[in-house]
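Undergrad: attaching a predicted model along with its sequence, questions to come.
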Amino acid sequence: MWKNRHRICITTSTSASLEQILPWMFYHKIIGVSTFFLFVEGKAATPAVSKVLESIPGVKVIYRTKELQEQQAKSRIWNETWLSSFFYKPCNYELFVKQSLNMEMAIVMARDAGMEWILHLDTDELIHPAGAREYSLRQLLLDVPGNVDMVIFPNYESSIERDDIKDPFTEVSMFKKNYDHLTKDTYFGMYKESTRGNPNYFLTYGNGKSVARIQDHLRPNGAHRWHNYMKTPNEIKLEEAAVLHYTYAKFSDLTSRRDRCGCKPTKDDVKRCFMLEFDRAAFIIASTATEEEMLNWYHEHVVWTDKTLNLKLLRKGILTRIYAPMTIIQGLRESGVFASIIASAQKSLSKDKFLASIESSNSSASATVSFDSRKIGRNRETARRTLEMPSNILHEIAVPPLSPPVMDGELESEA
């Protein structure tokens, strides 16, 4: 076990560009993540992006090929009840199922790669390892007792102060703190002012993300949690560390989210497509309003332009300033590391090699940069222990993205 104590991996499902993925990835490398399992499609799966990603040590790029989809169609998850309420629905529900299937595959890959911890994180989220003796996720997890199976990171939400942000990771320093990191009196006492007429305290989810210790019978429990087929995991929730969620941080996020979903912009239809109320409202505005109306709506609901209110909420502890990720990523960019990686990947691939590599990357048997993906198929015992159906199975229902507690709901969702 000790030889794996520093081995932390992140798995994600992404269609983002290099401009978003590289800062996200190298930030997490700096704080202690060694390995990344990137399930790519869209822009992230294009040769200009994926070839750069494949050139980085510790990165495994998995393409959404026909073979992958056939393999996932045989997953045991389809025969189980814990995720079934999300099946065969569009947009966010479809993504949630896809993320869960990818997480299931990533568990096997992580075991074969000798990982100890696995974290599912989107490319608009950064881990903020506050509370550790150094600014390090590795240090934070080293301090976790050996009997703990899962560590929950409450999420903080970006609170932007301008409408023209292009690079949220280096331009956003103000965040709204999670309910779990506030006193009940502060949270509910300032609820109306901090919600600003939006459906909930956070624009999007409020139930954080979790990192799980790799062990037998581990399974995903939706995009926000992990579970175990044979036991209820022993979990702890961190009191200082958080996931920083940069949500709707760019004005263009309104239209890009709209363009990924084919639902009708009606109140009834958006309920089929989106789990959270703000996402539904944003989709309708982005689908029906003019550019000027969209910008006005964005100002009213997303941008924090009232400096008096901001200062009041900062003093109360609802809002907080966090500069470490911004400083780290800005330092990486100024050092030229991102430009160097892109240039190096492009230089090393001649035209013939480039075309050949595209072909091989679409094969389910392509090799990884830092470890051999063929082990995944070969190591049947590991896969069997992780994925086979035990007789005394535990089926906890998948945890969806959940909003924080609301004023009139007392504390039903506190637990």
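TA: Sure thing, it's come through.
Undergrad: just give me the neighbour total for the closest residue to residue 187 other than its chain neighbours.
TA: Once flanking residues are discounted, residue 187 sits nearest to residue 179: 5.4 Å by C-beta to C-beta, 6 or more residues apart in numbering. Any C-beta I mention is one placed from the backbone N, CA and C, and that applies to glycine too. Using other C-beta atoms under 10 Å, residue 179 has 22 other residues around it.
Undergrad: residues in contact with residue 179?
TA: Neighbour list for residue 179: 154, 187, 201, 206, 404, 405, 414 [criterion: C-beta atoms under 8 Å, 6 or more residues apart in numbering].
Undergrad: flag the shaky bits of the protein, pLDDT-wise.
TA: Within the chain, the segments meeting pLDDT under 70 span 1-6, 349-395, 409-415.
Undergrad: scan it for its longest helix.
TA: Ranked by number of residues, the top helix in the chain under DSSP state H is helix 92-112.
Undergrad: next secondary structure after it?
TA: strand 117-120 (DSSP states H and E).
Undergrad: which other helices and strands does that next one contact?
TA: Contacts defined by 3 or more C-beta pairs under 8 Å, 6 or more residues apart in numbering; DSSP states H and E place strand 117-120 against strand 8-14, helix 92-112, strand 209-213.
Undergrad: quick one, which of the ones you listed gets closest to residue 327.
TA: Closest to residue 327 of the helices and strands packed on strand 117-120, according to C-beta to C-beta: strand 8-14, at 20.8 Å.
Undergrad: chain center to the helix or strand that contains residue 219: distance?
TA: Using DSSP H and E, residue 219 sits within strand 218-220. Computed by C-alpha atoms, centre = their mean, to the nearest Å, the chain-centroid distance of strand 218-220 equals 16 Å.
Undergrad: so what touches that strand?
TA: 99-100, 103-104, 107, 118, 120, 212, 226-229, 386-387, 398.
Undergrad: tell me the strands beside it, with direction?
TA: Applying DSSP bridges, strand 218-220 is found paired with strand 226-228 (antiparallel).
Undergrad: three-state assignment of residue 37?
TA: Classification of residue 37 by DSSP: H, G, I helix; E, B strand; the rest coil places it in strand.
Undergrad: again with residue 141
TA: Secondary structure, three-state DSSP: residue 141 is helix.
Undergrad: that one and residue 153: what is the separation?
TA: Distance, residue 141 to residue 153, by C-beta to C-beta, to the nearest Å: 11 Å.
Undergrad: need the overlap of contacts for those two.
TA: By C-beta under 8 Å, 6+ apart, residue 141 and residue 153 have these common neighbours: residue 211.
Undergrad: more neighbours: which of the two?
TA: More neighbours surround residue 153 than the other of residue 141 and residue 153, with 25 against 21 (other C-beta under 10 Å).
Undergrad: in contact with that one, which residues are there?
TA: Listed by C-beta under 8 Å, 6+ apart, the contact set of residue 153 reads 127, 208, 209, 210, 211, 238, 241, 242, 243.
Undergrad: okay, these in a markdown table with neighbour count and distance to residue 312 next?
TA: Shown next, in a markdown table, are the contacts of residue 153 (neighbours: other C-beta atoms under 10 Å; distance: C-beta to C-beta, whole Å):
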| residue | neighbour count | distance to residue 312 |
| --- | --- | --- |
| 127 | 24 | 29 |
| 208 | 21 | 26 |
| 209 | 22 | 29 |
| 210 | 25 | 32 |
| 211 | 23 | 34 |
| 238 | 22 | 27 |
| 241 | 19 | 26 |
| 242 | 27 | 22 |
| 243 | 24 | 25 |
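Undergrad: tell me which of these is nearest to residue 146?
TA: Proximity of the contacts of residue 153 to residue 146 was ranked by C-beta to C-beta; the top entry is residue 211 with 14.7 Å.
Undergrad: just to check, the closest one is in contact with residue 144?
TA: No - using C-beta atoms under 8 Å, residue 211 is not in contact with residue 144, being 9.1 Å away.
Undergrad: so among the contacts of strand 218-220, which ones count as buried?
TA: In the contacts of strand 218-220, burial by neighbour count holds for 99-100, 103-104, 107, 118, 120, 212, 226-229, 386-387, 398, counting by 16 or more other C-beta atoms under 10 Å.
Undergrad: can you pull out the strands in the stretch 51-200 of the chain?
TA: In the stretch 51-200 of the chain, the strands defined using DSSP state E, counting those that start in this stretch lie at 59-63, 117-120, 125-128, 150-153, 155-158, 174-176.
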